[in-house]
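Asker: Sequence below, structure please.
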Amino acid sequence: MTTVKRILVLPIDKKVEALRMASGLTLLDDPVAIAVWGDLPEGPEVAEQMEALEFSEVPMSRLHQDVELLAQQIIDSDVVYFV
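Answerer: Numbers count the residues shown, from 1 in each chain. As a prediction, the model looks like this:
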């Protein structure tokens, strides 16, 4: 029996790489979510990853300095990647 893990990806320094990583994690059967602190860069690489994440229905929350929401998302996750 496989245990489902809730995965949270937090793009911090390497935001494009974090989005790419989240896209790859959707290949697992575990639910993936993204919490963005600050802004994402613009450009074709980001647009491509955003399209893939939207297709995979990965929820993305923009935190805008909301520390309480970030803390709650971390607590509610089984695995957290800070990228």
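Asker: Specify the beta-bridge partners of the residue sitting nearest the centre point of the chain.
Answerer: Centroid-nearest residue in the chain, with Cα atoms, centre = their mean: I34, separated by 2.1 Å. As for beta bridges, I34 partners with V9, M60 under DSSP bridges.
Asker: ok, it touching A22?
Answerer: Yes - the pair I34 / A22 is scored as a contact, 5.3 Å apart, by Cβ atoms under 8 Å. C-beta: built from backbone N, CA, C; applies to glycine.
Asker: shared neighbours, the two?
Answerer: 9, 53, 58 (Cβ atoms under 8 Å, 6 or more residues apart in numbering).
Asker: Counting neighbours, which of those comes out on top?
Answerer: V9 (25 neighbours; other Cβ atoms under 10 Å).
Asker: Flag the shaky bits of the chain, pLDDT-wise.
Answerer: The chain contains residues with pLDDT under 70 at 1.
Asker: what sits up against the host helix or strand of E68?
Answerer: Remark: E68 resides in helix 67-76, with elements defined by DSSP states H and E. Contact with helix 67-76 is made by 6, 8, 10, 33, 35, 37, 61, 63, 80, as judged by Cβ under 8 Å, 6+ apart.
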